[in-house]
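K.L.:
Any chance you can model this:
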Amino acid sequence: MQSLIGTGVALVTPFKEDFSIDTEALTRIVNFSIDGGIEYLVVLGTTAENATLSPEEKELVIRTVIEANNGALPLVLGVGGNNTAKVVDELKTRDLSAFAAILSVSPYYNKPTQEGIYQHFKAVAEASPIPVILYNVPGRTASNMLPSTVLRLANDFENVVAIKEAAGDLVQAMQLLKNKPKDFLVISGDDMIALPMVLAGGSGVISVIGQGFPKEFSEMIRLGLNRKVDEAFKSHYFLADCIDMIFEQGNPAGIKQVFLSLGISENTVRLPLVNVDNSLAERIDQFVKKVNKQG
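P.N.:
Next up, the predicted model:
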């Protein structure tokens with residue numbers, strides 16, 4: 001899965017002021033990411049406000065991204081949930097021919113045991129006709145997929161090819177990196193520790209901020225992969241303040257404010273999310289101006 005090395009971005013779903021999907025803005029975001037040097041695109045992840053989209057809206061997002069991408073970059077589709085049977089049914093019935101892999105989040109809210117997580121992903125792996133990227137994000141799911149469970153899945157199923165590790169725990173990430181099968185990819189799901197994870201042996205990142213600053217962020221990851229440590233950390237520390245800012249009042253409210261400052265899309269989010277406040281909006285706007293001035 002060499003196509004998943006580097007920077008992927010978890011695309012937002014831009015909305016108009018009336019909360020309808022803004023397909024023109026989504027096309028602009030896809031093109032902005034492609035032109036900025038991103039390696040692949042993730043469609044309908046949690047950053048896409050997936051939980052607030054109707055089935056028809058999800059299909060519209062998928063069609064829009066496929067058409068805008070026009071084969072330029074590999075695509076990954078978010079297919080996950082806390083109802084195993086429903087996830088399996090989607091994998092068996094959806095046309096996945098346009099996608100290089102699926103990204104499947106660990107079941108949320110139910111708080112399954114490690115054995116329950118294993119059995120869930122066993123069913124996912126057996127149902128999926130394309131490679132599976134596991135997604136561990138305990139801050140959202142309320143349960144942590146331990147390295148032992150990840151490694152068990154990686155060793156038991158050839159199509160479980162990677163994990164998006166977003167526990168924010170470098171020690172846990174290093175346990176995965178130390179013990180993983182040779183070709184299994186450990187991908188950061190946390191923008192702030194993406195570079196340290198890459199330098200420890202990780203394969204890249206599925207990023208939020210990367211779609212707002214694709215050139216700067218993807219170049220930082222490439223520098224890390226090429227072991228150009230000093231240059232990579234220079235970029236990291238330049239971006240660090242904005243990484244904090246875009247998550248300060250929730251995701252994707254922060255990154256949508258970046259897109260408003262860039263003139264690419266509105267900053268509209270759907271309830272229960274709300275826009276960032278005026279103070280944070282101003283700080284984000286000033287950072288975007290600083291990047292534009294440098295670039």
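
K.L.:
which stretches of the stretch 101-250 of the chain form strands?
P.N.:
Counting by DSSP state E, counting those that start in this stretch, the stretch 101-250 of the chain has strands at residues 101-105, 132-136, 160-165, 185-188, 204-207.

K.L.:
mind checking pLDDT for the residue lying closest to Gln172 once chain neighbours are set aside?
P.N.:
Using C-beta to C-beta, 6 or more residues apart in numbering and skipping residues adjacent in sequence, the residue nearest Gln172 is Pro147, 6.1 Å away. Using the backbone N, CA and C atoms, a C-beta is placed for each residue, glycine as well. Looking at Pro147, its pLDDT is 98.

K.L.:
I figured Pro147 hits Met174, correct?
P.N.:
No: Pro147 lies out of contact with Met174 (C-beta atoms under 8 Å); the separation is 9.4 Å.

K.L.:
residues contacting the residue nearest to Gln172?
P.N.:
Listed by C-beta atoms under 8 Å, 6 or more residues apart in numbering, the contact partners of Pro147 are Gln172, Gln175, Leu176, Asn179.

K.L.:
cool, Ile284 as well?
P.N.:
Contacts for Ile284 (C-beta under 8 Å, 6+ apart) come out as Cys242, Met245, Ile246, Gly254, Gln257, Val258, Ser261, Val276.

K.L.:
Would you format those residues as CSV with neighbour count, pLDDT and distance to Glu219 included?
P.N.:
What follows is the contacts of Ile284, written out as CSV (neighbours: other C-beta atoms under 10 Å; pLDDT from 0 to 100; distance: C-beta to C-beta, whole Å):
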residue, neighbour count, pLDDT, distance to Glu219
Cys242, 25, 97, 15
Met245, 21, 98, 20
Ile246, 25, 97, 18
Gly254, 25, 98, 21
Gln257, 26, 98, 23
Val258, 26, 98, 17
Ser261, 20, 98, 21
Val276, 23, 98, 26
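
K.L.:
from the contacts of Pro147, which single one is nearest Asp156?
P.N.:
Ranked by distance to Asp156 (C-beta to C-beta), the contacts of Pro147 are led by Asn179 at 14.4 Å.

K.L.:
any idea how far Pro252 is from that closest one?
P.N.:
Asn179 sits 33 Å away from Pro252, going by C-beta to C-beta, to the nearest Å.

K.L.:
more crowded one of the two?
P.N.:
Shown here are Asn179 and Pro252; by other C-beta atoms under 10 Å, Pro252 has more neighbours (26 against 14).

K.L.:
wait, that one sits on Thr47?
P.N.:
Yes: between Pro252 and Thr47 there is a contact at 5.0 Å, judged by C-beta under 8 Å.

K.L.:
tell me, what's touching those two both at once?
P.N.:
Common neighbours of Pro252 and Thr47 (C-beta under 8 Å, 6+ apart) are Val12, Val208.
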